[in-house]
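Undergrad: need coordinates for the below:
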Amino acid sequence: MANETKTGTKARTNSPRPGARAGGIVTAGGSRRSLVGGASGSSLQGLGADVSGQLETLAPTFGNILSSIGLGVADSQAALDNGVIDTVRQLSDTKITVVTEVIEHLNDDGIPVADDTELITNELSVLNFVTPTVHEWKHVALSMDLSVGAMDDETGVSYSIDRSSTSMGSVGLFFGFIGVGYMSTSEDYRSMMASSHREAQWSNGVVQLDAVLAPRRTGKFPVPASVSIGPQIFVSQGSVVETKVGNVVTERNIEVLINVRKASGAVNPNKVLELDAGGLLPSFVTTAPFTGSTTNADGQVKVTLKRNITLGFAQAVKRSITLKLGQISKRFDLVI
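TA: Next up is the predicted model:
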């Protein structure tokens, strides 16, 4: 009699008893294997699960996803641009009346005359004043993590018993003369087999996308120009006169002639000017035909500008003076 039990990769085998017949086990392949030494037993074989097919299937996955996202970004950018184009067209077709120029007429004193102010209007599209925001993909990054795996497991159990016996004899009433013969035969066969196999293959992955959508830099439309029409101020510089003590320059003086004209170009008399001398000492000439800081009959003002010289700082410097008449301002640079 022989028996065997095996689970996984652990097996136990006993030696056969006299008269026993070798047992066997049906493997996962379906063939019956004889046991070594004629004993009953079992055999386990791993199937060696192969994931190469999955790898071949998953290999293009990253490229497909990358291509899909790239095309998606391109399509969405095109849609954004087309949306801006449609918005620009709609704004361009929408017209409004706007003031493009403001013309102020100043009186001879340089003060605006409200009744003479002119407003220049035009029919312009809203696009001149409303700039659509244009968006673009600033940054798009893609990362992917894929994994492929496989597992196989096989378990088998086999147990068999085969026993047979034969006996023959005789019984006599008188030894050698009268007798009865007999023969007996017995046979017993039992077998059990269990086998299971599990195989699994799997694949998974993680895709991460990082994208930034932000406004694109665009230019601005020009603002309307503003024009003022009124008196004009003209400045002319005379020669520089130095005052010395010995060979040392102590002061410099320069005369500046100021002419004020009306918008028509005619002289503009009796107008008071304001002067910012830029650190110089001003002195308006009051001798005829000049009348101080008020324009004379010829619309003129003469002023003397003085610079006191500190010892060691006699080099010439540039100074700026500013003349004002109402809202009119005139800046003039001179060297003294």
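Undergrad: just checking, residue 121 touches residue 99?
TA: Yes - look at residue 121 against residue 99 with C-beta atoms under 8 Å: they come within range, at 5.5 Å. Every residue, glycine included, has its C-beta placed from N, CA and C.
Undergrad: strands of the stretch 51-200 of the chain, start to end?
TA: Listed in chain order, the strands of the stretch 51-200 of the chain (DSSP state E, counting those that start in this stretch) span 95-105, 118-125, 135-174, 178-215.
Undergrad: and for the shortest one, what's in contact with it?
TA: For strand 118-125, the external contacting residues (C-beta atoms under 8 Å, 6 or more residues apart in numbering) are 91-103, 105.
Undergrad: partners of it, with directions?
TA: strand 95-105 (antiparallel) (DSSP bridges).
Undergrad: quick check: buried residues in the partner strand?
TA: By neighbour count on 16 or more other C-beta atoms under 10 Å, the buried set for strand 95-105 is residue 104.
Undergrad: rounded mean pLDDT for it, please.
TA: Rounded to a whole number, the mean pLDDT of strand 95-105 is 83.
Undergrad: what's the answer for stretch 287-306, then?
TA: 93.
Undergrad: only alpha carbons, please: show it as PDB.
TA: Extracted C-alpha coordinates of stretch 287-306, given in PDB (Å, rounded to 0.1, in the frame of the first residue of the first chain):
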ATOM      1  CA  THR A 287      12.300 151.100 -17.500                       C
ATOM      2  CA  ALA A 288      10.500 152.200 -20.700                       C
ATOM      3  CA  PRO A 289       9.200 150.600 -22.700                       C
ATOM      4  CA  PHE A 290       8.900 147.700 -20.200                       C
ATOM      5  CA  THR A 291       6.500 147.600 -17.300                       C
ATOM      6  CA  GLY A 292       7.800 144.900 -14.900                       C
ATOM      7  CA  SER A 293       6.100 141.500 -15.000                       C
ATOM      8  CA  THR A 294       3.200 142.900 -17.000                       C
ATOM      9  CA  THR A 295       3.500 142.800 -20.800                       C
ATOM     10  CA  ASN A 296       3.900 146.200 -22.400                       C
ATOM     11  CA  ALA A 297       2.100 147.500 -25.500                       C
ATOM     12  CA  ASP A 298       4.200 145.200 -27.600                       C
ATOM     13  CA  GLY A 299       3.400 142.200 -25.400                       C
ATOM     14  CA  GLN A 300       6.900 142.000 -24.000                       C
ATOM     15  CA  VAL A 301       8.500 141.500 -20.600                       C
ATOM     16  CA  LYS A 302      12.200 141.700 -19.900                       C
ATOM     17  CA  VAL A 303      13.800 140.100 -16.800                       C
ATOM     18  CA  THR A 304      17.300 140.000 -15.500                       C
ATOM     19  CA  LEU A 305      18.400 136.800 -13.900                       C
ATOM     20  CA  LYS A 306      21.400 136.800 -11.400                       C
END
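Undergrad: buried residues in it?
TA: 290-293, 295-296, 299-306.
Undergrad: before we move on, what about stretch 83-92?
TA: Buried-residue list, stretch 83-92, by 16+ other C-beta under 10 Å: 84, 88, 91.
Undergrad: tally up the residues packed near residue 252, please.
TA: By the criterion of other C-beta atoms under 10 Å, residue 252 has 20 neighbours.
Undergrad: is it in a bridge, and if so with what?
TA: Beta-bridge partners of residue 252, counted by DSSP bridges, are residue 242, residue 307.
Undergrad: that one: what's it in contact with?
TA: 240-243, 306-307, 309, 316, 336.
Undergrad: can you list the domains in the chain?
TA: Using automatic domain parsing, the domain parsing of the chain gives 44-229, 231-335.
Undergrad: ranking those domains by mean pLDDT, which is last?
TA: domain 44-229 (a mean of 73).
Undergrad: which residue sits closest to residue 314, ignoring its sequence neighbours?
TA: In space, and not counting its chain neighbours, residue 314 is closest to residue 249: 4.7 Å by C-beta to C-beta, 6 or more residues apart in numbering.
Undergrad: same thing with residue 302?
TA: residue 285 (4.1 Å).
Undergrad: and what of residue 101?
TA: residue 120 (3.8 Å).
Undergrad: now the host helix or strand of residue 283: buried residues?
TA: In the assignment (DSSP states H and E), residue 283 maps to strand 281-284. Across strand 281-284, burial judged by 16+ other C-beta under 10 Å covers residue 284.
Undergrad: mind listing what that strand pairs with, with the direction of each?
TA: Take DSSP bridges as the rule and strand 281-284 pairs in its sheet with strand 300-308 (antiparallel).
Undergrad: can you list the buried residues of stretch 287-306 in CSV and add distance to residue 191?
TA: Output for the buried residues of stretch 287-306, formatted as CSV (distance: C-beta to C-beta, whole Å):
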residue, distance to residue 191
290, 142
291, 142
292, 140
293, 135
295, 136
296, 142
299, 136
300, 138
301, 135
302, 138
303, 134
304, 137
305, 132
306, 135
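Undergrad: greatest separation within those residues: which pair is it?
TA: Longest distance between any two of these is 24.7 Å, between 299 and 306; criterion C-beta to C-beta.
Undergrad: follow-up on the earlier one: which one of the contacts of residue 252 is nearest to residue 72?
TA: Among the contacts of residue 252, residue 316 lies closest to residue 72 (C-beta to C-beta), at 70.1 Å.
Undergrad: about what we covered before: hmm, the residue nearest to residue 302 is touching residue 296, no?
TA: No - using C-beta under 8 Å as the test, residue 285 is too far from residue 296 to be in contact (10.0 Å).
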